[in-house]
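Visitor: here is my input, please return the structure:
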Amino acid sequence: MLSFITLSLATLFLSALVFGCNESIPAIYTFGDSLADVGNNNFLSNSILKANFPHNGVDFPTGRPTGRFSNGKNTVDCLSEKVGLPSAPTYLSLVSTDTKAMVNGVNFASGSAGILNGTNKPFGPIPLTQQVEYYSLVHNHLVQEMGSTRAKIHLAKSLFVIVIGSNDLLFYFRDSQVSKQYAPQQYVDLVVSTLKQIIKRLYGLGARKFVVNGVGMIGCCPAQRLLMNTTYGCNAAENYWSKKYNIRLKILLKKLKMQSPDINYSYFDTYLATNNLIKYPQNYGISETKEACCGIGKLNAEGSCLPNSTYCSNRSDHLFWDLYHPTEMVSRILAELIYNGSRKFTFPVNVGDLVRI
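Guide: Below you'll find the model as predicted:
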């Protein structure tokens, strides 16, 4: 897994000059959960949450499943396109990855991962703390091969994308032991304080430009709607605490900026964007906001998207691909808002402005 450490980055950067590289954003380092995973879980023997089988990937350029929880590309893929970079390889695939791709960044995200180490532990994901430990190995090798000055410049220009938090909140509502141990506000505070220490560690390892996504309307996912008996309405309590978490997250980012002025960040209001998609779907060409495209049973949410599942013929008119994840069409809409969105959706700048800082 880690034999890439022996590779010479001098060769990688020479390749970058030959094959082309975005000068303003040389790399994207991604941390997160299934919304950002591009295949790390494929390599986890103890993980039961994978997407490396049909019908996932039906609209991916190869037409094959990749490990993305989507019919095609996810939001991080689409954001990479916006900044002129290819999708970064998964960390766990670096042994077999085309070496020149490593210069553009690495994706550490893992399906079902949380900010807290205990979140979804039985499912075997790579928690955020471990993702950052993997990144520290990449960082150390960059310093070793490039020299501290060049590595510092490279990382300061790179984007550090963080897409995580949904699983922590969902885990709280479905794990009785956790909900007995913490009141909801105490739990949200714990999650945010843990994320604070993780971001500070990334800062200590050279990160300066952060793209941080807030949590969406998790109570409106098909799987959560299914729990609302026959009404199939959104789970108001889950959405309430998603908003509370996002408020704390924005405060955290502001404080980190005050403490370290050389930090620059773009916070994306995923909750507001999701709310707009649900309230005004016609504005985005969407006609189905409750039912998943791929799955089984009621709302296509009584099971995951599996090879024996049915799936809709027109994925572009669905908000959700499966019981939790958006379609590629929605991922592209979100990536456009992240990159070019107004201050209504991004704070204090969008990613388009962040890359120019």
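
Visitor: could you find the closest non-adjacent residue to Val212?
Guide: Closest residue to Val212 apart from its sequence neighbours, by Cβ to Cβ, 6 or more residues apart in numbering: Ile162 at 4.8 Å. Any C-beta I mention is one placed from the backbone N, CA and C, and that applies to glycine too.

Visitor: name the helices or strands packed onto the strand or helix carrying the one you found?
Guide: Element membership for Ile162, per DSSP states H and E: strand 159-163. Counting contacts by 3 or more Cβ pairs under 8 Å, 6 or more residues apart in numbering; DSSP states H and E, strand 159-163 is packed against strand 28-32, helix 75-82, strand 209-213.

Visitor: so which of those is the most surrounded?
Guide: strand 28-32 (a mean of 27; mean count of other Cβ atoms under 10 Å).

Visitor: and it with helix 75-82, angle?
Guide: Comparing the axes of strand 28-32 and helix 75-82 via axes from the mean of the first three to the mean of the last three Cα atoms, to 10 degrees yields an angle of 170 degrees.

Visitor: and for the residue nearest to Val212, the neighbour number?
Guide: 25 (other Cβ atoms under 10 Å).

Visitor: go on, the one 3 residues further on?
Guide: Close neighbours of Gly165, defined as other Cβ under 10 Å, add up to 30.

Visitor: how about the helices in the stretch 201-350 of the chain?
Guide: Here the stretch 201-350 of the chain has its helices, by DSSP state H, counting those that start in this stretch, at 222-225, 236-259, 270-279, 328-340.

Visitor: and Tyr29, which of those is closest to it?
Guide: helix 328-340 (16.0 Å; Cβ to Cβ).

Visitor: residue contacts, Ala27?
Guide: Residues in contact with Ala27, defined by Cβ atoms under 8 Å, 6 or more residues apart in numbering, are Leu85, Ala88, Val103, Asn104, Gly105, Val106, His154, Leu155, Ser158, Leu159.

Visitor: can I get the residues you listed in a markdown table with neighbour count, secondary structure and pLDDT?
Guide: Shown next, in a markdown table, are those (neighbours: other Cβ atoms under 10 Å; DSSP: H, G, I helix; E, B strand; the rest coil; pLDDT from 0 to 100):
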| residue | neighbour count | secondary structure | pLDDT |
| --- | --- | --- | --- |
| Leu85 | 22 | coil | 94 |
| Ala88 | 25 | coil | 95 |
| Val103 | 22 | helix | 70 |
| Asn104 | 26 | helix | 79 |
| Gly105 | 24 | strand | 94 |
| Val106 | 24 | strand | 96 |
| His154 | 18 | helix | 94 |
| Leu155 | 23 | helix | 95 |
| Ser158 | 21 | coil | 97 |
| Leu159 | 24 | strand | 98 |
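
Visitor: mind picking the two most distant members of these?
Guide: The widest separation within those (Cβ to Cβ) is 14.9 Å, between Leu85 and Leu155.

Visitor: and which of the contacts of Ala27 is nearest to Ala183?
Guide: Leu159 (35.4 Å).

Visitor: show residues contacting stretch 252-271.
Guide: With Cβ under 8 Å, 6+ apart as the criterion, stretch 252-271 contacts 192, 195-196, 199-200, 203, 208-217, 239, 242-243, 246, 249-250, 334, 337-338, 341, 344-351, 353-354, 357.

Visitor: quick one, which of these are buried?
Guide: Buried subset of the contacts of stretch 252-271 (neighbour count, 16 or more other Cβ atoms under 10 Å): 192, 195-196, 199, 203, 208-217, 239, 242, 246, 249-250, 334, 337-338, 341, 345-347, 349-351, 354.

Visitor: quick one: the residue of the chain most remote from its centre from Lys298, how far?
Guide: What lies farthest from the middle of the chain is Thr230; by Cα atoms, centre = their mean that is 31.3 Å. According to Cβ to Cβ, to the nearest Å, Thr230 and Lys298 sit 9 Å apart.

Visitor: cool, and Lys244?
Guide: 29 Å.

Visitor: cool, Leu159 as well?
Guide: 39 Å.

Visitor: tell me where the model's unsure across the stretch 51-200 of the chain.
Guide: Along the stretch 51-200 of the chain, segments meeting pLDDT under 70 span 95-102.

Visitor: as a check, name the ranges of all strands in the chain.
Guide: Here the chain has its strands, by DSSP state E, at 28-32, 105-107, 159-163, 209-213, 264-268, 294-295, 310-311, 346-348.
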